[in-house]
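Colleague: Generate a structure from the sequence data that follows.
(4 chains)
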There are 2 protein chains.
Amino acid sequence: MNEPTGRRRDVTVADVARDAKVAKATAARSLGGYGAVSDDVRQRVQAAAEALGYHANGLARSMNTGRSNTIGVIVGDIENPYFGVAVRGITDTAKAAGYDVILANTGEQLEVEIDAARVFVEKRVDGFIVAPTSFTITDHLSDIVNSGRPLVLLDRHVDNLDLDVVEVDNEKVARAAAQHLIDSGHERVAFITTLEFELSAYRTGAELGVSSVSARINGILAAMTAAGVENPERYLRFDANSGAGVKGVTRELMQLDEAPTAIIASDSLIAMGVLSELRQLGLTVPDDVSFIMFDDFEWATLIDPPLTVIAQPVYEVGVAAAKRLIARIEGRVTGPLLQLFPATLVHRESVARPRSDGRPDA
Amino acid sequence: MNEPTGRRRDVTVADVARDAKVAKATAARSLGGYGAVSDDVRQRVQAAAEALGYHANGLARSMNTGRSNTIGVIVGDIENPYFGVAVRGITDTAKAAGYDVILANTGEQLEVEIDAARVFVEKRVDGFIVAPTSFTITDHLSDIVNSGRPLVLLDRHVDNLDLDVVEVDNEKVARAAAQHLIDSGHERVAFITTLEFELSAYRTGAELGVSSVSARINGILAAMTAAGVENPERYLRFDANSGAGVKGVTRELMQLDEAPTAIIASDSLIAMGVLSELRQLGLTVPDDVSFIMFDDFEWATLIDPPLTVIAQPVYEVGVAAAKRLIARIEGRVTGPLLQLFPATLVHRESVARPRSDGRPDA
DNA sequence: TTGAAAGCGCTAACAA
DNA sequence: TTGTTAGCGCTTTCAA
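Modeller: Prediction:
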């Protein structure tokens, strides 16, 4: 069995109507659950539909109603547990409200994101949730808005576009993390991220790159500067592409004459790479380097030492984005809104005083 | 700017045709990239389309062509990095072949899976990749097949349906893992999974539950039985729902009079819960309990001790499933095929001889 | 190469 | 409550 018998012609309302001996519109009303239908007809239609194996054609339906009951979600990388959890929050919420979710994975590549946006517009999704790859290049996002579809930004906002945003207060928590390191005696604090960022932006006061990253950097630099540290940006590292890249960057940093005494990793994937490489280099956390990572997953408590982390309410962010979008689709809200979720610095054991801060080790 | 100006009527081929002063069909041919069009016309159409901000309506197109260029993927839980990676493999491959991916997350709930299948059929996806929740309840999968759409099973096969399957040789590697434990002197080996499984099945020789889990259990029990261990199934634990469930099960197991001396966790999420709870109980790996987990992520090498794991070629499995499906959609293959990928037992340091196996500890 | 017209499967508007 | 008639926006005949 099951040799695909060549896509047989789909059973349509017309077929059902014929067998049930009613007009097409009547069968359609019954099948689609709209309009009024007598019990008698409903049953005959039901029977005929089942006998024929009728399945509604969602495309045709959407074409008429102008709605697809579908939400398009565009994220950087579902392989990153951060997005995995966020997407889970979105799909759970969407499903509960009767929406399906189309997901596109961009690998943090702008062109893929642009493509996905176009495809989703062509598929006539009812709304978008996007974690944009770029802070400044947003024409495709404008296209979405111009197509009349609501768009909610997840985890990152963009320049010049006044949109709903659901994100975490990265700057505040990054500043807190840096402050914690400063309080522990660190002055050379590194930050490693996969994403791009134009360092010149910091100097000019502009924001270039992905906003969540910018915010983190701003928070860290603000704390360092306030503490009187000079040139704190010399320990910033961008573009650390997965795996090998992260390790190379870590090695490079630690081989500096004035190597950092503390590292902040921008996500859990990066953290794993950094920690692996530190171990490879024979360096111990926190004796040789202190360490803080963005995101909190259970393994962070299992490793030695348990990691001091920045816990983000990821699932909740996903839920909030979906709720907001659906409210928008259904016309229940107006005016763009920023929802800023707090993140928490969770103190564990990967931060200690640096070796060489002039105080006795013990 | 960007106050959604109420979904303005979409620009259609008719609009473009009018502005370009050609017939609708001509504009459509140009815009759709089919049929023959003169350069002159192409340019006029192009210009008009851009001026108007034309976006093709994918629904209308699909209705005519009968193809949607979309693959429906239904998985148990994208929050589980296993599926995250597999989905990445699928989307990468699909995109390269010009297909979009619609993802549905079932939370391992059969009803959600059935629903997702129906919705995707209604959306007229060109084909399906499903990691089925149930081994025996497969009517919805039959529906898919009967609708004439190709279906490739991922990670798990099902009863009675002759379909393409891409999975890992779970039984073989599970047997190897159990054998390794046996060789290290273990006789009381526990296995913990989130999924359901009917234990009676083992006795009757039938297979009840998700196939990948069945295979693992069969492998483990086969090895244990061959080694002369009696009643090995008494250490099997199912239905360990995320978080609390896993911890409860772990605690229950370790408080047994004859507690297991080794534990195999069915995935990385479970492993984290088990390890947390073991630590909570003051138990050390591998001194008090040996431990093996399915799946290999970098944190497994970072914790103390580094985990002995079963590494699966997850990304490759996703790629193979997508390739197979696309070949099927495009009619390039016939006859169902089972692709079995090998998994590898990676020896690290979480397995040791049990405390009380009669030999001296050191 | 272009145009006119028909039709994909459904919903919506209007009558009966 | 039911039927008839138009479309939705596109592709696809079939002619010109």
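
Colleague: what about residue A:41, how many neighbours?
Modeller: Residue A:41 has 18 neighbours, counted by other C-beta atoms under 10 Å in any protein chain shown. In this view, the C-beta of every residue, glycine as well, is placed from N, C-alpha and C.

Colleague: mind listing the strands for the stretch 201-350 of chain A?
Modeller: A:236-237, A:262-265, A:290-294, A:308-311, A:338-341, A:344-346 (DSSP state E, counting those that start in this stretch).

Colleague: deepest of those, which one?
Modeller: Greatest average neighbour count among those goes to strand A:262-265 (a mean of 28), per mean count of other C-beta atoms under 10 Å in any protein chain shown.

Colleague: can you tell which of the strands of the stretch 201-350 of chain A is closest to chain B?
Modeller: strand A:290-294 (11.0 Å; C-beta to the nearest C-beta).

Colleague: Report all helices and strands that the closest one contacts.
Modeller: helix A:170-183, strand A:262-265, helix A:268-280, strand A:308-311 (3 or more C-beta pairs under 8 Å, 6 or more residues apart in numbering or on different chains; DSSP states H and E).

Colleague: Please dump the strands of the stretch 201-350 of chain A into TSV; it should also carry mean pLDDT and distance to DNA strand D for every row.
Modeller: Output for the strands of the stretch 201-350 of chain A, formatted as TSV (pLDDT from 0 to 100; distance: least, C-beta to the nearest atom of the strand, whole Å):
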stretch	mean pLDDT	distance to DNA strand D
strand A:236-237	94	46
strand A:262-265	98	46
strand A:290-294	98	43
strand A:308-311	98	46
strand A:338-341	96	33
strand A:344-346	98	48
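
Colleague: thinking again about what came up before, now the helices and strands packed on strand A:290-294 in CSV, with distance to DNA strand C?
Modeller: Below are the helices and strands packed on strand A:290-294 laid out as CSV (distance: least, C-beta to the nearest atom of the strand, whole Å):
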stretch, distance to DNA strand C
helix A:170-183, 43
strand A:262-265, 50
helix A:268-280, 44
strand A:308-311, 45
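
Colleague: Domain ranges for chain A, per the record?
Modeller: Domains of chain A are assigned by automatic domain parsing as A:70-168+A:314-342, A:170-313.

Colleague: how about low-confidence regions in chain A?
Modeller: For chain A, residues meeting the criterion pLDDT under 70 lie at A:1-8, A:197-208, A:242, A:356-362.

Colleague: Could you give the number of residues near the residue nearest to residue A:158 when sequence neighbours are not counted?
Modeller: Excluding the flanking residues, the one nearest residue A:158 by C-beta to C-beta, 6 or more residues apart in numbering or on different chains is residue A:138, at 4.9 Å. Residues lying near residue A:138 (other C-beta under 10 Å) number 19.

Colleague: Residue A:276 is in contact with residue B:301, isn't it?
Modeller: Yes. Using C-beta atoms under 8 Å, residue A:276 makes contact with residue B:301 at a distance of 6.7 Å.

Colleague: Show me what from the stretch 51-200 of chain A comes close to DNA strand C.
Modeller: Proximity of the stretch 51-200 of chain A to DNA strand C, by C-beta under 7 Å from any atom of the strand, involves residues A:54, A:56-57, A:60-61, A:63-65.

Colleague: tell me which residues in stretch A:112-130 are buried?
Modeller: A:112-130 (16 or more other C-beta atoms under 10 Å in any protein chain shown).

Colleague: and that stretch, how far apart are its ends?
Modeller: 12 Å (C-alpha to C-alpha, to the nearest Å).

Colleague: and that stretch, anywhere near DNA strand D?
Modeller: No. Judged by C-beta under 7 Å from any atom of the strand, stretch A:112-130 makes no contact with DNA strand D; its nearest approach is 8.6 Å.

Colleague: Okay, strands next: where are they in the stretch 51-200 of chain A?
Modeller: A:70-75, A:100-105, A:127-130, A:151-154, A:164-168, A:189-192.

Colleague: partners of the last one, with directions?
Modeller: Spelled out, that is strand A:189-192. According to DSSP bridges, strand A:189-192 has the following sheet partners: strand A:236-237 (parallel), strand A:262-265 (parallel).

Colleague: Please name whichever of these is nearest to residue B:209.
Modeller: With C-beta to C-beta as the measure, strand A:262-265 is the member of those nearest residue B:209 (38.7 Å).

Colleague: contacts for the closest one?
Modeller: If you take C-beta atoms under 8 Å, 6 or more residues apart in numbering or on different chains as the criterion, strand A:262-265 is touched by A:174, A:177-178, A:181, A:184, A:186, A:188-192, A:216, A:220, A:250, A:253, A:271, A:274, A:289-294, A:351, A:354.

Colleague: Just give me how far that strand sits from the chain centre.
Modeller: Centroid displacement of strand A:262-265 relative to its chain, using C-alpha atoms, centre = their mean, to the nearest Å, is 22 Å.

Colleague: Contact partners for residue A:227?
Modeller: Neighbour list for residue A:227: A:179, A:182, A:187 [criterion: C-beta under 8 Å, 6+ apart].

Colleague: mind running it again at 6 Å?
Modeller: By C-beta atoms under 6 Å, 6 or more residues apart in numbering or on different chains, the contact set of residue A:227 is residue A:182.

Colleague: Could you do the one 3 residues further on as well?
Modeller: Taking C-beta under 6 Å, 6+ apart, we find residue A:230 in contact with no residue.

Colleague: so which of the domains of chain A gets nearest residue B:34?
Modeller: With respect to residue B:34, and counting by C-beta to C-beta, the nearest of the domains of chain A is domain A:70-168+A:314-342 at 15.9 Å.

Colleague: Not counting its neighbours along the chain, what's nearest residue A:269?
Modeller: residue A:80 (5.6 Å).

Colleague: How much space separates the closest residue to residue A:222 other than its chain neighbours from DNA strand D?
Modeller: Spatially, and ignoring its direct neighbours in sequence, residue A:222 is nearest to residue A:175 (5.6 Å; C-beta to C-beta, 6+ apart). As judged by C-beta to the nearest atom of the strand, to the nearest Å, residue A:175 and DNA strand D stand 49 Å apart.
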